[in-house]
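1. okay, sequence plus prediction incoming.
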Amino acid sequence: MRTSNRGMSAHGGKALFVLPLFVVGLIAIMEFTRLNTVASSGCPPLNSNVKGWPKNTTIYFDVSDLIGTQQTQARSAFQKWTDANTNNNTSGVRFVEKGPNTPAATFTVKRGHVAGSNAAQSDITTNANGIVTGAIVNIDVYDFAKTNPGQSGYDNIFLKIMLHEIGHTMGLDDIPIPNPNSSCGGYSSGKSVMNAACGVNDNGGNLPTKVKDCDNNTVKTNSIYAGSGGGSGGTGGGDTGGGGNPPQCNYQTVYTSVYDPAELGEGCYRKYHRVDYVCNGVVQWSSAETYDGIFCDPPLQ
């Protein structure tokens with residue numbers, strides 16, 4: 001398994017970088033050399049290491065650590081990416097909030113301190129092929145130079161942050177700073193969720209509040225999302241209305257029994273289960289293992 005720290009970063013780092021409104025900083029100049037054809041158009045490049053979630057999968061998320069408007073905005077971001085993935089690009093990836101009867105969450109969002117000028121940081125786990133198997137996002141809600149409830153823009157800054165961080169799990173990379181000498185880095189305002197934030201609560205307006213055409217178009221170029229078989233749950237559809245040859249995927253519940261007659265008695269065992277997501281016979285990701293209890297054969301009287 002491989003873990004990559006990703007986030008909103010204006011300088012190729014590993015977290016959501018907040019640009020000052022009028023001063024970009026020397027470290028940004030280094031990033032200027034990384035401009036490529038995709039990024040120079042104002043659209044995000046693909047990440048060569050993090051490919052994205054498997055095509056046509058349902059990813060369960062957990063935002064229970066957030067509070068109030070933070071939580072509401074994060075849910076909105078997941079819904080907006082789900083809408084984009086099922087209607088406007090070919091990935092078919094859906095995000096659903098974890099509930100009492102769902103598989104364990106593989107995407108968790110938390111409050112926490114994040115170093116430097118970074119407003120958020122993503123820890124993304126992939127398999128050997130770069131397919132995402134899990135993600136944890138930490139949002140810095142304690143540094144008011146990044147997110148501040150006393151200033152304008154607080155009502156959508158967490159939406160913007162999460163649109164960006166989810167974008168990383170979809171295989172998108174940060175857009176390099178177009179012009180380090182320009183206010184807010186010279187980004188095309190609101191053109192991509194993979195822009196860097198500008199100022200407290202992104203008051204400079206770099207970030208949009210929905211997934212944009214730029215973002216969808218880059219997702220479509222991702223080899224793991226090739227074809228037009230997007231849409232919800234692998235049933236076809238997507239923005240082109242169906243077709244393609246989506247992989248044969250399904251959820252499989254795997255049970256494990258651990259016998260311990262010395263402690264539990266003869267014929268008794270502890271039972272666990274996990275959920276595997278399998279495409280064409282290959283396990284793409286597995287949920288955390290859940291303890292089901294002690295069972296006996298014959299049953300305890």
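-> Perfect, thanks for sending it.

2. helix or strand with the lowest mean pLDDT in this structure?
-> helix 27-31 (a mean of 27; mean pLDDT, DSSP states H and E).

3. quick one, phi/psi of I224?
-> According to degrees, to the nearest 10, the main-chain angles of I224 amount to phi -80, psi -10.

4. who's in contact with it?
-> I224 makes contact with K51, G52, P54, K55, I131, G171 under the criterion C-beta atoms under 8 Å, 6 or more residues apart in numbering. For every residue, glycine as well, the C-beta is placed using N, CA and C.

5. could you check how far the fifth one is from E266?
-> Distance, I131 to E266, by C-beta to C-beta, to the nearest Å: 43 Å.

6. comparing these two, which shows the higher neighbour count?
-> Neighbour count, other C-beta atoms under 10 Å: between I131 and E266, I131 has more, with 20 against 9.

7. what's across from that one in the sheet?
-> G52 (DSSP bridges).

8. correct me if wrong: it contacts N49.
-> No - counting by C-beta atoms under 8 Å, I131 does not reach N49; the two are 11.1 Å apart.

9. show me where pLDDT drops low in the stretch 101-250 of the chain?
-> In the predicted model, the stretch 101-250 of the chain carries pLDDT under 70 at residues 227-248.

10. recalculate using a threshold of 80.
-> Residue ranges of the stretch 101-250 of the chain with pLDDT under 80: 227-250.

11. and the helices in it?
-> If DSSP state H, counting those that start in this stretch is used as the criterion, the helices of the stretch 101-250 of the chain fall at 157-169, 213-220.

12. in stretch 153-166, what's buried?
-> By neighbour count on 16 or more other C-beta atoms under 10 Å, the buried set for stretch 153-166 is 153-154, 156-166.

13. before we move on, what about stretch 48-63?
-> So for stretch 48-63, counting by 16+ other C-beta under 10 Å, buried means 50-63.

14. now stretch 86-100
-> For stretch 86-100, the neighbour count (16+ other C-beta under 10 Å) marks T86, N88, N89, T90, S91, G92, V93, R94, F95, V96, E97, K98 as buried.

15. again, but for stretch 105-120
-> For stretch 105-120, the neighbour count (16+ other C-beta under 10 Å) marks A105, T106, F107, T108, V109, V114, S117, N118, A119, A120 as buried.

16. quick check: beta-bridge partners of the fourth one?
-> Which is T108. According to DSSP bridges, beta-bridge pairing links T108 with D62, I136.

17. related to what we said a few turns ago, which one of the buried residues of stretch 105-120 sits closest to S188?
-> Closest approach to S188 among those (C-beta to C-beta): A119, at 20.2 Å.

18. pretty sure that closest one sits against N148.
-> No - assessed by C-beta under 8 Å, A119 is found out of contact with N148, at 10.8 Å.

19. overlap in contacts, the two.
-> Contact criterion C-beta under 8 Å, 6+ apart; residues shared by A119 and N148: none found.

20. pull out the buried positions in the host helix or strand of E263.
-> Applying DSSP states H and E as the criterion places E263 in helix 261-264. By neighbour count with 16+ other C-beta under 10 Å, helix 261-264 contains the buried residues L264.

21. return the distance of the helix or strand that that helix is followed by from the chain's centre.
-> Once the chain leaves helix 261-264, the next helix or strand it forms, by DSSP H and E, is strand 268-279. Offset of strand 268-279 from its chain centre (C-alpha atoms, centre = their mean, to the nearest Å): 25 Å.

22. so S122 bridges to which residues?
-> Per DSSP bridges, the residues bridged to S122 are R6, V137.

23. measure it to M162 for me?
-> Taking C-beta to C-beta, one finds S122 at 10 Å from M162.

24. and for P100?
-> 23 Å.

25. kindly report the same for P45.
-> Counting by C-beta to C-beta - P45 and M162 are separated by 20 Å.

26. the closest residue in space to T106 that isn't next to it in sequence: what's it in contact with?
-> Spatial nearest neighbour of T106, excluding adjacent residues (C-beta to C-beta, 6 or more residues apart in numbering): G134 at 4.7 Å. With contacts defined as C-beta under 8 Å, 6+ apart, G134 is in contact with T106, F107, I124, T125, W285.

27. which one of the buried residues of stretch 153-166 sits closest to G199?
-> G199 lies nearest to G153 out of the buried residues of stretch 153-166, by C-beta to C-beta, at 8.4 Å.
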